[in-house]
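Asker: my questions concern the predicted model and sequence given below.
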Amino acid sequence: MALFMTKPIPTIQKFMTTSPHSIGKDQTLARAHEVLREHHIRHLPVLEAGQLIGMLTHRDLALVEALADVDAKLVTVADAMSTEVYSVSPDARLDEVVLEMAEKKYGSAVVVQNHKIVGIFTTVDACRALGELLATRLH
């Protein structure tokens, strides 16, 4: 009879992007575009007084700016952000987070500890995690 040794499921902390960029709710959409472009990212957690209050994605910007009479230099992030943000703690299990993201079609999970953003886990991070786990667990 063979004994199977199972490795513990890693936490989100192992695969998250640390120190994610964020933006204040009163910044303009033009500024949000600059941040996304400059850092080659698609998700911006939105803060008010240092607290997470929303998420602005590249897709959100495209949708809002497609509306007539929208001036990206005048419209604020608060007007375009989503207030539904999926947040998890750094010790959340990877399997639980990715299943929730898939179920709800979330593009990211903001990692929060002591009311502060410590990371972000995006679908790109999920693909990287899958690749790494497949490479190390199946050999």
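Answerer: Ah, there it is. Residues are numbered from 1 along each chain as shown.

Asker: show me where this structure has its strands.
Answerer: With DSSP state E as the criterion, the chain has strands at 17-18, 23-24, 43-48, 51-57, 87-88, 108-113, 116-122.

Asker: wait, isn't Leu74 in contact with Thr28?
Answerer: Yes - using C-beta atoms under 8 Å, Leu74 is in contact with Thr28, at 6.8 Å. Placement of C-beta: from N, CA and C, glycine included.

Asker: neighbour-wise, which of the two wins?
Answerer: Between Leu74 and Thr28, counted using other C-beta atoms under 10 Å, Thr28 has the larger neighbour count: 18 against 10.

Asker: what's the burial count for the residue nearest to Thr28 when sequence neighbours are not counted?
Answerer: Excluding the flanking residues, the one nearest Thr28 by C-beta to C-beta, 6 or more residues apart in numbering is Lys73, at 5.7 Å. Lys73 is flanked by 8 other residues according to other C-beta under 10 Å.

Asker: 32 is where my numbering starts, stick with that
Answerer: Sure thing, new numbering starts at 32, so read that last one as Lys104.

Asker: flag the shaky bits of the chain, pLDDT-wise.
Answerer: Residue ranges of the chain with pLDDT under 70: 32-37, 169-170.

Asker: residue closest to the middle of it?
Answerer: Ser139 (3.3 Å; C-alpha atoms, centre = their mean).

Asker: in TSV, list the strands of the chain along with distance to Leu67.
Answerer: Shown next, in TSV, are the strands of the chain (distance: least, C-beta to C-beta, whole Å):
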stretch	distance to Leu67
strand 48-49	14
strand 54-55	9
strand 74-79	7
strand 82-88	9
strand 118-119	20
strand 139-144	13
strand 147-153	13
